[in-house]
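Engineer: predicted coordinates and the sequence they were generated for:
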Number of protein chains: 2
Amino acid sequence: MESETPPKPQFLPDGTVVVPGFTLPVSTLLSEPAAAFARMRATMPSFAPASEEPDVTVRRDQINAYARPGAERMRESFPVTITRGTIAGVEVMEFTPEAGVTDPDRVLINLHGGAFCVGWDGIPMLESIPIASLGGWRVVSVNYRMAPEHRHPAGVQDVAAVYAALLQDYAPGRIGIYGGSAGGVLTAQAAAWLPAQGLPQCGAIGIFGAGGVPFESGESMFTAGYIDGSFPAPRLDRTMAIDMTRGYFDGVDDKDPSAWPGWHLDVLAQFPPTLVITGTRAMDLSPAVFTNSQLLKAGVRSTLIVGESQGHCFHYQVSVPEGRDACDLIVRFFRENLN
Amino acid sequence: MESETPPKPQFLPDGTVVVPGFTLPVSTLLSEPAAAFARMRATMPSFAPASEEPDVTVRRDQINAYARPGAERMRESFPVTITRGTIAGVEVMEFTPEAGVTDPDRVLINLHGGAFCVGWDGIPMLESIPIASLGGWRVVSVNYRMAPEHRHPAGVQDVAAVYAALLQDYAPGRIGIYGGSAGGVLTAQAAAWLPAQGLPQCGAIGIFGAGGVPFESGESMFTAGYIDGSFPAPRLDRTMAIDMTRGYFDGVDDKDPSAWPGWHLDVLAQFPPTLVITGTRAMDLSPAVFTNSQLLKAGVRSTLIVGESQGHCFHYQVSVPEGRDACDLIVRFFRENLN
């Protein structure tokens, strides 16, 4: 029967691959709750991140509305105290275990996701609540400046200001920085920025759902667009219908080491031990695995987790075993490396 | 224009994804030689690994004919002495740097690829020549028993016999085991087998182009089949037109820890430090990344390299920077971990 012979890709002389349509069954390597989630997708109209709402104010409200219920559920399993304030003039939210900080010598800085234009203050909850609770740490989440009001390097300048202030109370090797999506990019930028500004390097970083090169630089934004669909695939020339970062990198060269350190081995060589998390269905797979390979080449101890059949920032879903495992490994990574 | 809106995947109630046909441009994260190789594929009729030749004798000759020219070219860059012999009654080839072994306290055991039925003696050359030369080591490549003549666990028994004999001259922590494809699976099996047989664990292992679970268990054998095409995609029920391993696992349960240790955290917990190498276009991506995640969960120090836009066993191609980088990292990994 013809249907017995799967179609093959076609290779064009410019290296482009014409991929035939195909059917992808559920991975047998998924936990049962994750497989149940895969079955549920048929009934979900679309994921919140897929929205292409052009008004950034509306988009900010959408993302916060998306994050809040998950954050509330998280607080039931991971009880934390949340306080608001400013450090070095920058607005922050601080997360501490409700029962008190058990590891007072260490502190984590969280940089939230949201495409450099949205995310505050819903996404910091998803990224900080389980980590503060599981680690017994103080986690400081930073409301760094974003687009469309601001441009790179405003965000990483705010991160550096908070970091410099924390150096009054913590050794640099005991400060960790991490974040998901745009927060993962900003974490990589911070690890490049701090030594470039004459500040001591922090102790360890976590780049999640991102890498140190632009999202559209590799092939995963295409493959994930067609296989996972949470984010639309770019056009063949790698442009998108809408600039997801709303101009945050306007005027910044794609190879600028302060924005995209992943291209630069000499910059990466100054990174501290790094944990990189991505998934096989994540649009960030290519930037993440490329950055991990470059870090290893530069001599940095980089640990890579690629979640089988997992999408963008799957570690936000702590109710699924794969997401919970990722959070446990984040905590273990910082515990082992912040010395 | 309609062509501006990329098509979306369709999610079925059983979790299956209907992926639309799409066009995948060359990754901008590739080195120029790797991008040139991608452009060359349009002119190549098919890759040697894609053959579905049913006669295993013919297939063995095909694979050796495919491997020999590459091995000859390798020997120009990486001069080695190759000697043949037996250890514990098992046929081996030994690779040493032509200028002499510079690190005599360590030894590596290489387990060649070839779907548990082919590969000897062409593939051991591709896997051993650069590593022996770059590391300054003695590398012992094992002609383990294969299908269709033999069945699991014959292969890993041969590996254990060679390993036990080497223990007379080397500390267990100074013996490394590694291999690509079937040899990567066999390496994972060896790390499960040695402690189960009361032998001391080896010092470090390298699982390349493989994982500790069956190749068809995840989703990469599908995605790589349609995007890369070096190996055909399975049918939707995960069966193949031809059993690639020619019956090597006949009668073995898919969850048998001696064959597929990747499912078993208690078995993985006994693994030594592990290096896992795969690629975003490799049919082994899912088993490899799943095994890495499970190893980390089990508390084992696992280092994962996923080559951006790279296929099955891309580290065989030392003339391409991505392949050469992988070989350099293999050498650095064993140097750091065989103590």
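Structural biologist: Cool, the structure landed.
Engineer: which parts of the stretch 151-300 of chain A sit against chain B?
Structural biologist: Residues of the stretch 151-300 of chain A lying close to chain B by Cβ under 8 Å from any Cβ of the partner chain are A:213, A:217-220, A:222-223, A:225-229, A:232-236, A:238, A:241, A:280, A:285-287, A:289-290, A:292-293, A:296-297. For the C-beta atoms, the positions are set from N, CA and C on the backbone; glycine is no exception.
Engineer: quick one, which of those residues are buried?
Structural biologist: Applying a neighbour-count criterion of 16 or more other Cβ atoms under 10 Å in any protein chain shown, the buried members of those are A:213, A:217-220, A:222-223, A:225-229, A:232-235, A:280, A:285-287, A:289-290, A:292-293, A:296-297.
Engineer: how many residues are close by A:S319?
Structural biologist: The local packing of A:S319 (other Cβ atoms under 10 Å in any protein chain shown) involves 13 other residues.
Engineer: now the lengthiest helix in chain A: average pLDDT?
Structural biologist: If you go by DSSP state H, chain A has its longest helix at helix A:56-77. Average pLDDT, helix A:56-77: 94.
Engineer: can you list contacts of whatever helix or strand comes next after that helix?
Structural biologist: Downstream of helix A:56-77, the first helix or strand assigned by DSSP states H and E is strand A:80-87. With contact meaning Cβ atoms under 8 Å, 6 or more residues apart in numbering or on different chains, strand A:80-87 is reached by A:91-98, A:125, A:128-129, A:132-133, A:140, A:161-162, A:165-166.
Engineer: how far does strand A:80-87 sit from its chain's centre?
Structural biologist: Offset of strand A:80-87 from its chain centre (Cα atoms, centre = their mean, to the nearest Å): 22 Å.
Engineer: one more: stretch A:238-246?
Structural biologist: Put simply, stretch A:238-246 sits 18 Å off its chain's centre (Cα atoms, centre = their mean).
Engineer: buried sites along it?
Structural biologist: Neighbour counts over stretch A:238-246 (16+ other Cβ under 10 Å) mark A:M240, A:M244, A:T245, A:R246 as buried.
Engineer: what is the end-to-end distance of that stretch?
Structural biologist: One end of stretch A:238-246 sits 16 Å from the other (Cα to Cα, to the nearest Å).
Engineer: outside of that stretch, which residues touch it?
Structural biologist: Outside stretch A:238-246, the residues that touch it by Cβ under 8 Å, 6+ apart are A:52, A:54, A:56, A:115-117, A:147-148, A:182, A:215-217, A:232, A:234-235, B:4-5, B:25, B:28.
Engineer: and with 10 Å instead?
Structural biologist: With Cβ atoms under 10 Å, 6 or more residues apart in numbering or on different chains as the test, stretch A:238-246 has contacts from A:49, A:52-54, A:56, A:59, A:114-118, A:146-149, A:152, A:182, A:185, A:214-217, A:221-222, A:231-235, A:249-250, B:4-6, B:25, B:28.
Engineer: now the strands for chain A?
Structural biologist: A:10-11, A:17-19, A:22-24, A:80-87, A:90-97, A:107-111, A:138-142, A:175-180, A:204-208, A:274-279, A:302-307 (DSSP state E).
Engineer: the third one pairs with which strands, parallel or anti?
Structural biologist: Sheet pairing for strand A:22-24, assigned by DSSP bridges, gives strand B:17-19 (antiparallel).
Engineer: tell me the mean pLDDT for the partner strand?
Structural biologist: Summarised as a single mean, pLDDT over strand B:17-19 is 97.
Engineer: over to stretch A:126-145?
Structural biologist: Mean pLDDT, computed over stretch A:126-145, is 98.
Engineer: and stretch A:185-192, by the same measure?
Structural biologist: Averaging pLDDT along stretch A:185-192 yields 98.
Engineer: then that stretch to CSV, C-alphas only?
Structural biologist: Output of stretch A:185-192 as CSV, limited to C-alpha atoms (Å, rounded to 0.1, in the frame of the first residue of the first chain):
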residue,chain,number,x,y,z
VAL,A,185,17.8,36.0,27.2
LEU,A,186,18.2,38.8,29.8
THR,A,187,20.0,36.4,32.1
ALA,A,188,22.5,35.6,29.4
GLN,A,189,22.9,39.4,28.8
ALA,A,190,23.5,39.9,32.5
ALA,A,191,26.3,37.3,32.6
ALA,A,192,27.9,39.3,29.8
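Engineer: distance from it to the middle of the chain?
Structural biologist: Its chain's average C-alpha position is 11 Å from that of stretch A:185-192, according to Cα atoms, centre = their mean.
Engineer: equivalent analysis for stretch A:125-141, please.
Structural biologist: Worked out by Cα atoms, centre = their mean, stretch A:125-141 lies 15 Å from the chain centre.
Engineer: hmm, it touching chain B?
Structural biologist: No - using Cβ under 10 Å from any Cβ of the partner chain, stretch A:125-141 never reaches chain B; the gap is at least 14.5 Å.
Engineer: please name the bridge partners of the residue most central in space within chain A.
Structural biologist: Nearest to the mean C-alpha position of chain A, by Cα atoms, centre = their mean, lies A:G180 at 2.0 Å. Beta bridges link A:G180 to A:F208, judged by DSSP bridges.
Engineer: state the pLDDT value of it.
Structural biologist: You'll see A:G180 listed with a pLDDT of 98.
Engineer: what of A:P7?
Structural biologist: A:P7 is given a pLDDT of 88.
Engineer: picking that back up, quick one: closest of the strands of chain A to B:V17.
Structural biologist: strand A:22-24 (4.5 Å; Cβ to Cβ).
Engineer: hmm, who's touching the closest one?
Structural biologist: Here strand A:22-24 has contacts from A:6-7, A:9, A:226-227, A:281, A:309, B:9-10, B:12, B:15-21, B:219, B:222-223, B:225-227, B:233, B:236, using Cβ under 10 Å, 6+ apart.
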